[in-house]
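A.B. asks: Next input, structure requested:
(one chain, ligands or ions: 1)
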Amino acid sequence: MELKDLYREIVNDHNINPVHKYELKDPDLVLRGVNPACGDDITLMLKVRDGIITDGSYTGCGCAISQASVDMMLDNVIGLDSNTAVKRADKFMGMIDQKITDEKDLEELDEAMYLRDVSHMPARVKCAVLGWRTLREILNGGPKELKDK
Ligand SMILES: [Zn+2]
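C.D. replies: Sure, this is the predicted structure:
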C-alpha cells in the first residue's frame with residue numbers, strides 16, 4: 001500500500017470508528033480547542049492521577065484530519081506522565097513544522113506519524129495540530145488546577 005493511501009485509510013478509520021470520542025465522566029482537566037480557519041472545535045477531557053494521564057476523551061466536530069489527529073493523540077498519550085505527554089506533543093509539532101524529520105526519532109508518535117504529509121499542506125496544518133496544541137495547553141495549566149482540588 002502506498003503511504004498516501006495508508007494515510008487516507010488511517011484518517012478515515014479514526015473518523016468512522018473513533019476510540020476516544022465521548023464525554024468523559026468527572027474529568028480532572030477540560031479545555032476547548034478551536035481552529036477558526038477551518039471550523040474545527042473540540043473539547044478535550046483528561047483524567048490525571050499522580051501526574052499520569054489515566055484516561056482521556058474529546059467531543060466536538062471538525063474536518064477529518066482534526067478529528068483523526070485528536071483521536072490518535074489520545075491513543076498515544078494515555079498512560080504517559082504529563083511531562084512525557086507534553087514532549088510527545090512537541091515532537092508532533094516538530095514533525096509538522098518539518099523540524100524533526102528523522103523517522104527513528106518520530107517512531108514514538110506511532111500512527112500519528114502518518115500525518116507527517118500534512119506538513120506539505122499548509123491549510124491543514126492547524127487542523128492536524130489542534131488536538132496536540134490543546135493537550136499542551138491543558139497540561140501546562142494542569143498542575144495548578146490539580147493542586148486546587
Ligand atoms: Zn480542519
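
A.B. asks: Please report how far Val30 lies from Arg49.
C.D. replies: According to Cβ to Cβ, to the nearest Å, Val30 stands 16 Å off from Arg49. The way it works is simple: take the backbone N, C-alpha and C, and place the C-beta from them, glycine included.

A.B. asks: swap that for Gly60, please
C.D. replies: According to Cβ to Cβ, Gly60 stands 25 Å off from Arg49.

A.B. asks: more neighbours, the two?
C.D. replies: Taking neighbours as other Cβ atoms under 10 Å, Gly60 and Arg49 compare with Gly60 leading, 18 against 10.

A.B. asks: For the host helix or strand of the more buried one, the averaged confidence score.
C.D. replies: Assignment of secondary structure by DSSP states H and E places Gly60 within strand 52-61. Model confidence over strand 52-61 averages 98 on the pLDDT scale.

A.B. asks: hang on, Ile10 packs against Ala112?
C.D. replies: No - at 9.2 Å, Ile10 does not count as touching Ala112 under the criterion of Cβ atoms under 8 Å.

A.B. asks: which of these two has more neighbours?
C.D. replies: Summary of the neighbour comparison: Ile10 and Ala112, criterion other Cβ under 10 Å, with Ala112 having more neighbours (26 against 17).

A.B. asks: Helix, strand, or coil at that one?
C.D. replies: Using DSSP: H, G, I helix; E, B strand; the rest coil, the structure places Ala112 in helix.

A.B. asks: Nearest residue to it in space, ignoring adjacent ones along the chain?
C.D. replies: Taking Cβ to Cβ, 6 or more residues apart in numbering, and ignoring the residues beside it in sequence, Ala112 has Met72 as its nearest neighbour in space, at 4.4 Å.

A.B. asks: Any part of the helix or strand hosting the one you found near the ion?
C.D. replies: With secondary structure defined by DSSP H and E, Met72 is part of helix 64-77. Yes - Helix 64-77 lies within reach of the ion by Cβ under 5 Å from the ion, at Ser66.

A.B. asks: quick one, the longest helix seen in the chain and helix 64-77 angle?
C.D. replies: In the chain, ranked by residue count with DSSP state H as the criterion, the top helix is helix 122-140. Our comparison of helix 122-140 with helix 64-77, counting by axes from the mean of the first three to the mean of the last three Cα atoms, to 10 degrees, yields an angle of 40 degrees.

A.B. asks: Thanks again, I'm all set now.
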